[in-house]
Structure formats: C-alpha cells, structure tokens
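Engineer: just a sequence and a predicted model for now, questions to come.
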Amino acid sequence: EVQLVESGGGLVQAGGSLRLSCAASGFTFDDYAIGWFRQAPGKEREGVSCISSSDGSSYYTSSVKGRFTISRDNAKNTVYLQMNSLKPEDTAVYYCNAVRSSWSGPIDYWGQGTQVTVSS
C-alpha cells in the first residue's frame, strides 16, 4: 500500500520554526521527485518546494526562498521541509506529493496533509 504521511505541523508564533516530515512507503522512493504544496482556506493549492529524485536539486516558490529548506533522506524514505521565520501568511494545510514520469504519463501520490498555523 502506497502511503505518504506528513507530520510536524502545529501552531507557532510568527518568526518561529517548524520542520515538516513526509514519510513514504509502498513505492520506490528514490525514483520520485518530492514536492510540498500548501492550501490556505479559500485559496488554491500552491507549490511550495520540491526536490529532485536524481541530484537533489531543489526549487522554492518566491515567497519562501531563504526561509524554507527542503531535504531528503533516501535511506529513511523521508523528505523534510525546514520552515524558518514563519509568517501568518504561511498558515495552510501542507501536503507532500511524490511524482515520477512513466511511459503512460506521470505517476503521483499525495499525503493527507498537516496543518500549519502561524499566529501574529
């Protein structure tokens, strides 16, 4: 059974930090790029960061650059999102996504999400 399980969310004051984890099982983790997305109430889901399956290269949306760091530990089948200098506008449900290409199209999986709330 494929599973992506996020953890590490919670309530934090502005300026604080959280580290989210995404633990994967049921598929070949090393073959998948992993991304973090978030969805705030009343807003569309947006991509926050992703890390490649091959060379560990990463991408960040402009609003989190310099504050968030994505990393992966293939030995533990886990991806992390270190979030520093949190702002109230970072409040959202954070989801991780695993994706790889295949001859029939992309294959992707989603976690159930973890709530991050940043108070002002």
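Structural biologist: Cool, got the structure.

Engineer: for the rest of this, base every contact and every neighbour count on C-alpha atoms.
Structural biologist: Noted.

Engineer: so what strands line up beside the host helix or strand of Gln82?
Structural biologist: Assigned by DSSP states H and E, Gln82 falls within strand 78-83. Its sheet considered, strand 78-83 pairs with strand 18-25 (antiparallel), strand 68-73 (antiparallel) by DSSP bridges.

Engineer: reformat those as TSV; add mean pLDDT and mean neighbour count.
Structural biologist: Rendered in TSV, the data for the strands paired with strand 78-83 read as follows (pLDDT from 0 to 100; neighbours: other Cα atoms under 10 Å):
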stretch	mean pLDDT	mean neighbour count
strand 18-25	98	20
strand 68-73	97	19
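
Engineer: okay, the ones you listed in CSV with distance to Leu81 next?
Structural biologist: Supplementary listing: those in CSV, determined by distance: least, Cα to Cα, whole Å:
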stretch, distance to Leu81
strand 18-25, 5
strand 68-73, 5
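
Engineer: can you check which of the ones you listed gets nearest to Ile51?
Structural biologist: Comparing the strands paired with strand 78-83 by their distance to Ile51 (Cα to Cα), the top pick is strand 68-73, with 6.8 Å.

Engineer: then that closest one to PDB, C-alphas only?
Structural biologist: C-alpha atoms of strand 68-73 as PDB (Å, rounded to 0.1, in the frame of the first residue of the first chain):
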ATOM      1  CA  PHE A  68      12.400  27.200   3.900                       C
ATOM      2  CA  THR A  69      14.800  24.400   3.100                       C
ATOM      3  CA  ILE A  70      13.800  21.000   1.600                       C
ATOM      4  CA  SER A  71      15.900  17.900   2.000                       C
ATOM      5  CA  ARG A  72      15.500  14.200   1.600                       C
ATOM      6  CA  ASP A  73      16.900  11.100   3.300                       C
END
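
Engineer: please consider this matter closed, and thank you.
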